[in-house]
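Peer 1: kindly generate the corresponding structure for this input.
(2 chains)
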Amino acid sequence: MKKLMMSLVSSAAAITLAGSALANDVSDVYLGVGSASSEYWVAYIEGAKAVATSLGKDVKVIPSEFDGQKLLEQFGAVFAAGCEDCLVTVDPASNAFTKAMIERADAAGAKYVNLWNRPDEIHPWDTAPNTWVANISFDGVDSGYQNGMALCNALGGKGNIVALNGIPDNPPAKQRIAGLHKALQECPGLKLLDTQVGNWDQTQGQSITRAWLAKYGDQLNGVFSANDGMALGAVAALREKGLAGKIPVTGSDGSSDVIKLIEKGDMLSTMYIDGYVQGAYAVALAAAAVRGDINVDELKQDQRDFFLSQTLVTKDNAASVLNATKDASQFSYDALKANFWAASVGQIPAGANK
Amino acid sequence: MVRSRLGPTNKGFKLMAQLPSAAASIAPRYDEGRLISGTTGHSMKIQLKELGPAFTLLVLCLVFSIASSQFFSIANAQAILESSAIPVVLAVGITFIIIQGSIDLSIEGVMAASSMVVALLIANSITAHDCGWLAILAGPAAGVTFGLANGLLYTYLRLPSLIVTLATWFIGLGVATLLFPGRQPEILDARLTMLAIDKQFGVSYLVFIALLVSFIGISLQNFAQFGRMSFAIGMDEKTTRLSGNSVRLHKVLAFSFMGLLAGMGGAMISAQLAVGNPSAGQGFLFPTISAAVIGGTLLSGGKGGVLHSIIGVLILEVLRNGMVQLGVDPYLRHVIEGIIIIAALVVGNWQLRARTRVVK
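Peer 2: Modelled structure (predicted):
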């Protein structure tokens, strides 16, 4: 009996596989984004649009405002209406919603690319492998490390710094702070006086920095911030005391206002992540899976779960990063088809998303 | 002619005094109809038993001063005042709404919309507009529009304020998102940014704005019909209406005032951050409401006051600042904050739990 069931299941799977191997056309493109009012996500949508337009499709944007439950409900409506051969790229807002999103996409017949939030124990090749094409993220440890080293260098290898952390149970927050600690080990002269949770928030970053300035006074030499928002708050607090530019501040994300501050000398560094490129490759990969240009079964693990390259922005390259504009024609599906992993810097290591 | 029977004549006053309702004792009497009038003597007196929250604040300051050598310094007092400025402005507004027994959840959305409006109309890095002071005023103006809409929808459609303002919260965020041009507009006009940077007596103009708003709030509460009507509505809305007073008008006024202050808050945060930010209001709603409650303003309405809420804000800010000064582990900070807030509520407001009040 068990054998019969097995053979039934495998033949059913073979039929579905054969079906997906036929050159299908993409039906719809859905983007589940964190917010429609952040620079990174706006760039992401633009990049996704560039590829979708070259396929003759428009993108449908569903913002979660970083609320996984809300996202799940909204996609519930999309999936309920059926989503055969549609593309879905989603940031599930937190690890808790990743599996639920994938299972629903699987039931609806969509091709799914995940962003940022993947629980450490599940991977595209073991969870709904025919639906979940890939997981694409940026290396938070590398970001924290490089910004930490930038602080170390700016302070000549010794000094007292403080750190603003994001929401504590969020993988990028953990990774960036872990990266900072890695840098601290390499730079023993640098002393971390205190770490506080600013919840990614500009205002909280500002009021925490104010309290630090009152507490440490002249002893404080640098501020590490896990994202650009809190870094902007820290700079605003320093500006009130006339210290902007005198105490180096680092961020992460590479928003244009922070890059402008770096250019001006009011901030030290940030890690620029390219939302445009991420959006383009996410949609291209999912489209390739629908159209049969890639066979997901044949992909290697580092082709399904990978980091994209990122750039540390300092005063030296601020102007060039700021003025770089994207040419949508270079991000057409046919152009990206040459190598879907051109921007990858390798597989996400085990433990990165703990 | 209900109004003339129960209205502002001496006869009416006698009649009202006989009503069993608590509202009768605080509802407007001889001075009904006048916006500003003399004090009734009762309103200005601070009763000893209402000093609980102030006592809590004092104890917190003492404990932090002993535990941390840097806490008790002028620089740190300035830091606390700077961080309190915007929450105080918001708390003044929410006080009247909570005293009336309503709630306004739209604060964050209104601040977001107002921040974007100000940043896009003043000299900035994205649009070509340069309206100077008019742009700064556009923030509060946008706020009043939202507040007025809140008040009218709430009173005329007879919907719970919780639901109406929840909806306008999202509308505000939506407007801010629609206005968001893809990059945060950097504010280039020094007229706005100097409000946060220039110092008088060691603190920025934003602190003085908060002081002025507090003064206006306390005056409205104690000397204007609006303030006493707010208490009356919160204690017994039905009797207040039957007494011939326009409950609807004063509710709309309260929501418009809150909108005005939330709009100001949006402009103030833009001044601090020097950018227009669609998430400008994020994280202000619940601290504002809890500040009012910690200060002794009852969520069920009718009790509390502007000064109470301001003390509530200071309690929260001193707490946050003191924890950072002590270098408390960030994971532990929220736990301790929560515990102290509950303790502050118990210690500070125990006497306010009269027998008949329902605590929700």
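Peer 1: and chain B, is the helix or strand hosting A:Ala77 touching that?
Peer 2: Secondary structure assignment for A:Ala77, by DSSP states H and E: helix A:68-80. No: using Cβ under 8 Å from any Cβ of the partner chain, helix A:68-80 never reaches chain B; the gap is at least 10.8 Å. Placement of C-beta: from N, CA and C, glycine included.
Peer 1: other residues contacting the next helix or strand after that helix?
Peer 2: Next helix or strand after helix A:68-80 toward the C-terminus (DSSP H and E): strand A:87-90. Applying Cβ atoms under 8 Å, 6 or more residues apart in numbering or on different chains, the set of residues contacting strand A:87-90 from outside is A:26, A:28-32, A:48, A:52, A:71, A:75, A:78, A:101, A:105, A:110-115, A:279, A:282-283, A:286-287, A:290.
Peer 1: try 6 Å this time
Peer 2: Identification of contacts with strand A:87-90 by Cβ atoms under 6 Å, 6 or more residues apart in numbering or on different chains yields A:26, A:29-32, A:101, A:105, A:110-113, A:282, A:286-287.
Peer 1: name the strands paired with that strand and say parallel or antiparallel.
Peer 2: If you go by DSSP bridges, strand A:87-90 pairs up with strand A:29-33 (parallel), strand A:111-115 (parallel).
Peer 1: dump those strands to TSV, plus mean pLDDT and mean neighbour count.
Peer 2: Shown next, in TSV, are those (pLDDT from 0 to 100; neighbours: other Cβ atoms under 10 Å in any protein chain shown):
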stretch	mean pLDDT	mean neighbour count
strand A:29-33	96	25
strand A:111-115	96	27
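Peer 1: can you pull out the strands in the chain?
Peer 2: In the absence of a named chain, this looks at chain A. A:29-33, A:59-63, A:87-90, A:111-115, A:132-138, A:159-165, A:190-197, A:222-225, A:249-250, A:270-272, A:305-308, A:311-313, A:344-347 (DSSP state E).
Peer 1: hmm, I had chain B in mind actually
Peer 2: Secondary structure of chain B (DSSP E): strands located at B:199-200, B:203-204.
Peer 1: what's the neighbour count on A:Glu240?
Peer 2: 23 (other Cβ atoms under 10 Å in any protein chain shown).
Peer 1: what's the closest of the strands paired with strand A:87-90 to B:Thr297?
Peer 2: Proximity of the strands paired with strand A:87-90 to B:Thr297 was assessed by Cβ to Cβ; the nearest stretch is strand A:29-33, lying at 38.5 Å.
Peer 1: how far off centre is the closest one?
Peer 2: Between the centre of strand A:29-33 and the centre of its chain there are 14 Å (Cα atoms, centre = their mean, to the nearest Å).
Peer 1: same check, this time on stretch A:247-256
Peer 2: The mean C-alpha position of stretch A:247-256 is separated from the chain mean by 16 Å, Cα atoms, centre = their mean.
Peer 1: span of that stretch from start to end?
Peer 2: Terminal residues of stretch A:247-256 lie 20 Å apart, using Cα to Cα, to the nearest Å.
Peer 1: quick one: is it near chain B?
Peer 2: Yes: applying Cβ under 6 Å from any Cβ of the partner chain, one finds stretch A:247-256 in contact with chain B at A:Ser256.
Peer 1: list the contacts of that stretch.
Peer 2: Contacts of stretch A:247-256 (Cβ under 6 Å, 6+ apart): A:39-40, A:143, A:147, A:151, A:154, A:176, A:222-225, A:227-228, A:231, A:234-235, A:238, A:258, A:267-273, A:313, B:183.
Peer 1: tell me the residues of the stretch 151-300 of chain B that contact chain A?
Peer 2: Proximity of the stretch 151-300 of chain B to chain A, by Cβ under 6 Å from any Cβ, involves residues B:177, B:180, B:182-184, B:186, B:272-273, B:275, B:278, B:282-283.
Peer 1: quick one on the thing from earlier: just name the most buried of the strands of chain A.
Peer 2: Highest mean neighbour count among the strands of chain A (mean count of other Cβ atoms under 10 Å in any protein chain shown): strand A:249-250, with a mean of 34.
Peer 1: pLDDT on that strand, on average?
Peer 2: Mean pLDDT, strand A:249-250: 97.
Peer 1: pLDDT at residue 17, what is it?
Peer 2: I went with chain A, as the question did not name one. 48.
Peer 1: right idea, wrong chain: chain B
Peer 2: Reported pLDDT for B:Ala17: 41.
Peer 1: check B:Ile339 too.
Peer 2: 87.
Peer 1: give me the number of residues near it?
Peer 2: 10.
Peer 1: from B:Leu345, how far out is it?
Peer 2: For B:Ile339, the distance to B:Leu345 equals 11 Å [Cβ to Cβ, to the nearest Å].
Peer 1: likewise for A:Thr89?
Peer 2: 45 Å.
Peer 1: nearest residue to A:Met267 in space, please, no chain neighbours.
Peer 2: Among residues not flanking A:Met267 along the chain, A:Leu261 sits closest, at 4.2 Å (Cβ to Cβ, 6 or more residues apart in numbering or on different chains).
Peer 1: for that neighbour, grab the count of nearby residues.
Peer 2: 25.
Peer 1: how much space between it and A:Gly251?
Peer 2: From A:Leu261 to A:Gly251 the distance is 9 Å (Cβ to Cβ).
Peer 1: still on that earlier bit, make CSV from the strands of chain B and add distance to A:Pro349 and mean neighbour count to it.
Peer 2: Conversion of the strands of chain B to CSV gives the following (distance: least, Cβ to Cβ, whole Å; neighbours: other Cβ atoms under 10 Å in any protein chain shown):
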stretch, distance to A:Pro349, mean neighbour count
strand B:199-200, 49, 12
strand B:203-204, 46, 20
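Peer 1: what helices and strands are in contact with the helix holding A:Ala77?
Peer 2: Applying 3 or more Cβ pairs under 6 Å, 6 or more residues apart in numbering or on different chains; DSSP states H and E, one finds that helix A:68-80 contacts helix A:98-108.
Peer 1: now do the helix it packs on: distance to the chain's middle.
Peer 2: The chain centre lies 20 Å from the centre of helix A:98-108; the measure is Cα atoms, centre = their mean.
Peer 1: got it, and stretch B:224-235?
Peer 2: 16 Å.
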